[in-house]
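>>> next one to model:
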Amino acid sequence: MSKFGDLIDVEIPVLFEFFTEWSDESEAMHDVLRDVAAAMGDKARVIKIDVEKNQDLAEALRIKGLPTLIIYKSGDMKWRQSGELDANTIIGRIQEFV
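Numbers count the residues shown, from 1 in each chain. The predicted structure follows:
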């Protein structure tokens, strides 16, 4: 999990999507997150994490519903929500922490 610590301990917001390959909702979010990443440019990072390949991290963060979106900045969790959201809503949330 030290690699996760390196990912979250940055000055820009980092949006994580916790997903699985078999979840239709997670699959739908991939295109949305691509749009979010393009809109935010270098003001934020978007990282997708497959919970089946990162079970220890998912358990440590108590990921239950998929997809789960979490924003970190400077090592602190700033926002978290499970379920699908549209790109504009996510961009608005990230901009609160830019």
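>>> so what touches the biggest helix by length in the chain?
The longest helix of the chain (DSSP state H) is helix 24-40. Defining contact as CB atoms under 8 Å, 6 or more residues apart in numbering, one finds that helix 24-40 is touched by 15, 17, 19-21, 44-46, 48, 66-67, 69, 83-87, 90-91, 94. Every C-beta, even on glycine, is put in place using the N, C-alpha and C of the backbone.
>>> try 10 Å this time
12-13, 15-21, 23, 44-48, 50-51, 65-69, 82-91, 93-95, 98 (CB atoms under 10 Å, 6 or more residues apart in numbering).
>>> mind jotting down where the helices sit in this protein?
Under DSSP H, the chain gives helices at 2-8, 24-40, 55-60, 87-95.
>>> looking at the ones you listed, which is nearest to Met77?
helix 2-8 (8.1 Å; CB to CB).
>>> buried stuff in that closest one?
Within helix 2-8, the residues that qualify as buried are 4, 8, counting by 16 or more other CB atoms under 10 Å.
>>> can I get it in CSV, CA atoms only?
Taking C-alpha atoms only, helix 2-8 is exported to CSV below (Å, rounded to 0.1, in the frame of the first residue of the first chain):
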residue,chain,number,x,y,z
SER,A,2,3.0,2.3,0.1
LYS,A,3,2.5,2.9,-3.6
PHE,A,4,-1.1,4.1,-2.9
GLY,A,5,0.4,6.5,-0.3
ASP,A,6,2.7,7.9,-3.0
LEU,A,7,-0.3,8.4,-5.3
ILE,A,8,-2.4,10.3,-2.8
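>>> gap between that helix and the chain center?
Per CA atoms, centre = their mean, to the nearest Å, the displacement of helix 2-8 from the mean C-alpha position of its chain is 13 Å.
>>> now swap in stretch 16-36 and tell me
On CA atoms, centre = their mean, the centre of stretch 16-36 falls 9 Å from that of its chain.
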